[in-house]
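J.: next come a sequence and a model predicted from it.
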Amino acid sequence: MAASGVLQQRHQFSGAVLLTDLDDFIAPSQECVKPFNIEKTSGSVGKIRVEDDGSYVQVNKLGSQSKLKKAKITLNDCLACSGCITSAETVLVSQQSSEELYKVLRENARLRDEGCESEQKLVVVSISPQSRASMAAKYKLSVEETALKLTGFFKNLGVDYIFDTTFSRHFSLMESAKEFLERYKMSEIEKTSFPMLASACPGWICYAEKTHGSFILPYISTTKSAQQIMGSYVKDFLAQRHSKQPDQVYHVTVMPCYDKKVEASRSDFYNDLYSTRDVDCVITSDEVDLMLEKEDVLLPNVTNHELDLMDPNGGAYKVVNHEGGGSGGYLDYIFKTAMKNLFDKKVDQLEFKTLRNVDMKEIILTSDDGQELKGAIAYGFRNIQNIVQKIKRGKCPYQFVEIMACPSGCNNGRGQIMPEPQSSETAKDRLNLVNELYNSVENVQPEQIKEVEKLYTEWLGGTDNEKCKTLLHTKYNYIEKNTNALVMKW
């Protein structure tokens, strides 16, 4: 599911995902539909016979037989991830749609009409910069205009707060850099410290947990993604400011990727005390576009509305970005920070070397005394497989790898808005425009944002304590593979 998206079509979940009710993730016989190659002859009728060993034989009308070969599924077609989600996760994901948001808004309206305002849920929508760029590309708007109009659209629906997940990414980047520096200092003692692998992509995390398990998990950064840090902020700090319990706040994120629905459904991001999730619902860029259609609204016609402030006492919110590309710039920020902190050397620009393909790049930075930092970008599962195999063989030369499941990264997420079929615009054209718009916004360094420093103090009580670790970091779970198809429940 991860790289190819949860949905086969725009409006429905894949039948293969919803077909079975398995106790655990899909066993090998159920991992993928592996069709058999059948030679067709015009007008002829044949049969397929299943042999005792499980092989398939084609029998044509003249009685001749031929053993059928399985059609191969390559990494271009599939993640080869040993079954991407459990049946329980499928139910959770199916509950995440724009209709769930509408239900909450309708219930809030009913309570308001009945004079029960205190029982209404506080509704928050957090929008990713990748989704904003996708909407801007479709409607030929600037990123800044799109941010204002999306805020106006959701406010008109009855949403209380609209936030920008670029703000929570400030925390994600800073925590990732801090973790890298800690691992660097421990690297001589703890050999599993490097390479540190990015953790922001849920498709990659799902694949790592279920395919490479206990071996690869220690290498993955424990820092939460921007989505989940925003969830921590909304259900903790924002809820407290409004005298609400976490279950009295309904938090929706707008993301470029269907796998973010799976990420939000993880048990690690569930509050047992209040029976609520940090992110209650994830809707994709494409699903927001469907909401506009449902409301019979064109985005350019929506009245502008300023985004809400993460710090209520701050000035007007300004849309900003981070250097390093459409997947968040983790490698860029971590290596620049590391060079400054470890070697007292400022690096203004990273110059990457493209390796076997455009989604596999490396960078080597050298200190004044000859010490090196080596990093890489690995997007798409073919490149991810290569990195994992190098780690297993002890031959990975990198100290940090920015890993993303989707080729070309998050701007090319499967939840982004694609060109209409009848349009002359190709998917490549659209991606190029999304990248251009995404990069058109002013870049900032997280530590330059005064509200970030303020929230570290007011919300987290500092930069290095137990609350910081609990709310900004997570853990991963080795999921043991059950390859016995006999234990499956139908």
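T.: Right, received. Where do you want to start? Numbers count the residues shown, from 1 in each chain.

J.: helices along the stretch 101-250 of the chain, start to end?
T.: Using DSSP state H, counting those that start in this stretch, the helices of the stretch 101-250 of the chain run over 129-139, 143-157, 165-186, 202-207, 213-216, 226-232, 239-241.

J.: for the second one, buried residues please.
T.: Just to be clear, that refers to helix 143-157. Neighbour-count burial for helix 143-157 flags 143-155, 157 (criterion: 16 or more other CB atoms under 10 Å). Bear in mind the C-beta positions are built from the backbone N, C-alpha and C, glycine included.

J.: before we move on, what about the fifth one?
T.: Of all the residues in helix 213-216, those buried under the rule 16+ other CB under 10 Å are Gly213, Ile216.

J.: chain center to it: distance?
T.: Distance, stretch centre to chain centre, for helix 213-216: 20 Å (CA atoms, centre = their mean, to the nearest Å).

J.: counting contacts, what elements does that helix pack onto?
T.: Under the contact criterion of 3 or more CB pairs under 8 Å, 6 or more residues apart in numbering; DSSP states H and E, helix 213-216 touches helix 381-392.

J.: try the third one
T.: Contact analysis of helix 165-186 by 3+ CB pairs under 8 Å, 6+ apart lists strand 122-127, strand 196-197, helix 226-232, helix 330-343, helix 450-458, helix 466-472 as its packing neighbours.

J.: so for Met404, which of these sits nearest?
T.: If you check each of the helices and strands packed on helix 165-186 against Met404 by CB to CB, helix 330-343 wins as the nearest, at 9.4 Å.

J.: re the thing from before, lowest average pLDDT across the helices of the stretch 101-250 of the chain?
T.: Note on these: lowest mean pLDDT is at helix 213-216, with a mean of 83.

J.: now distance to Met196 too, for the buried residues of helix 143-157, in CSV please.
T.: Below are those laid out as CSV (distance: CB to CB, whole Å):
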residue, distance to Met196
Val143, 30
Glu144, 34
Glu145, 37
Thr146, 34
Ala147, 32
Leu148, 37
Lys149, 38
Leu150, 34
Thr151, 35
Gly152, 40
Phe153, 39
Phe154, 36
Lys155, 40
Leu157, 40
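
J.: and of the residues you listed, the nearest to Asp464?
T.: Asp464 lies nearest to Ala147 out of the buried residues of helix 143-157, by CB to CB, at 32.7 Å.

J.: coming back round to it: make CSV from the helices and strands packed on helix 165-186 and add distance to Asp247 to it.
T.: Formatted as CSV, the helices and strands packed on helix 165-186 follow (distance: least, CB to CB, whole Å):
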stretch, distance to Asp247
strand 122-127, 11
strand 196-197, 34
helix 226-232, 13
helix 330-343, 32
helix 450-458, 23
helix 466-472, 17
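
J.: which of the ones you listed has the lowest average pLDDT?
T.: The bottom spot among the helices and strands packed on helix 165-186, by mean pLDDT, belongs to helix 450-458, with a mean of 93.

J.: against which helices or strands is that one packed?
T.: For helix 450-458, the packing partners by 3+ CB pairs under 8 Å, 6+ apart are helix 165-186.

J.: and the helix it packs on, which residues are buried?
T.: For helix 165-186, by 16+ other CB under 10 Å, it's 165-180, 183-184.

J.: and of the helices of the stretch 101-250 of the chain, who's closest to Val297?
T.: Short answer: helix 143-157, nearest of the helices of the stretch 101-250 of the chain by CB to CB, at 6.7 Å.

J.: gap between the two ends of stretch 465-477?
T.: 23 Å (CA to CA, to the nearest Å).

J.: of the buried residues of helix 143-157, closest to Val125?
T.: Closest approach to Val125 among these (CB to CB): Phe154, at 5.0 Å.

J.: if I pick that closest one, what's in contact with it?
T.: Val125, Ile162 (CB atoms under 8 Å, 6 or more residues apart in numbering).

J.: tally of neighbours for Gln422?
T.: A total of 5 residues lie near Gln422 under the criterion other CB atoms under 10 Å.

J.: so which strand or helix has it?
T.: Gln422 belongs to no helix or strand when assigned by DSSP states H and E.

J.: quick check: pLDDT value at it.
T.: Here, the pLDDT recorded for Gln422 equals 88.

J.: now do it against Leu150, distance only.
T.: Noted for Gln422: a distance of 26 Å to Leu150, by CB to CB, to the nearest Å.

J.: ok, now Cys468?
T.: Remark: distance between Cys468 and Leu150 (CB to CB) = 31 Å.

J.: and for Glu209?
T.: Counting by CB to CB, the gap from Glu209 to Leu150 is 33 Å.

J.: for Tyr233, same thing?
T.: Applying CB to CB to Tyr233 and Leu150 gives a distance of 19 Å.

J.: show me the beta-bridge partners of Asp281.
T.: Small correction: residue 281 is Cys, not Asp. Counting by DSSP bridges, Cys281 is bridged to Val252.

J.: what sits against it?
T.: With CB under 8 Å, 6+ apart, Cys281 has these contacts: Gln95, Gln96, Ser97, Glu100, Leu101, Tyr250, His251, Val252, Thr253, Ala264.

J.: tell me the one of the residues you listed nearest Gly413?
T.: Lowest distance from Gly413 to these (CB to CB) belongs to Thr253, with 12.8 Å.

J.: identify the residue nearest the closest one in space, chain neighbours excluded?
T.: Ser126 (4.8 Å; CB to CB, 6 or more residues apart in numbering).

J.: check Ser367 too.
T.: In space, Ser367 is closest to Phe343, 3.6 Å off (CB to CB, 6+ apart).

J.: so Lys261 is in contact with Glu287, correct?
T.: No: the criterion here is CB atoms under 8 Å, and Lys261 misses it with Glu287 at 10.2 Å.

J.: can you report how many residues neighbour Glu420?
T.: Counted with other CB under 10 Å, the neighbours of Glu420 add up to 9.

J.: three-state assignment of it?
T.: When classified by DSSP: H, G, I helix; E, B strand; the rest coil, Glu420 comes out as coil.

J.: what's near enough to touch it?
T.: By CB under 8 Å, 6+ apart, the contact list for Glu420 is empty.

J.: any idea how far Ala427 is from it?
T.: Distance from Glu420 to Ala427, by CB to CB: 11 Å.

J.: please apply the same query to Cys406.
T.: On the measure of CB to CB, Cys406 and Ala427 end up 12 Å apart.

J.: between these two, point out the one with more neighbours.
T.: Set side by side, Cys406 and Ala427 show more neighbours around Cys406, with 28 against 11, by other CB under 10 Å.

J.: so which residues of the stretch 251-400 of the chain form helices?
T.: Under DSSP H, counting those that start in this stretch, the stretch 251-400 of the chain gives helices at 259-264, 285-294, 330-343, 381-392.

J.: ok, back up a step: correct me if wrong: the residue nearest to Thr253 contacts Val254.
T.: Yes: counting by CB under 8 Å, Ser126 does reach Val254; the two are 7.1 Å apart.

J.: of those two, which one has the most company?
T.: Per other CB under 10 Å, whichever of Ser126 and Val254 has more neighbours is Val254, with 28 against 25.

J.: tell me how many other residues crowd the nearest residue to Thr146 once chain neighbours are set aside.
T.: Once flanking residues are discounted, Thr146 sits nearest to Ala136: 4.1 Å by CB to CB, 6+ apart. Residues within reach of Ala136, counting by other CB under 10 Å, total 25.

J.: roughly how far does Val319 sit from Ile391?
T.: In this view, Val319 and Ile391 are 37 Å apart by CB to CB.

J.: let me redo that: Gln445
T.: According to CB to CB, Gln445 and Ile391 sit 30 Å apart.
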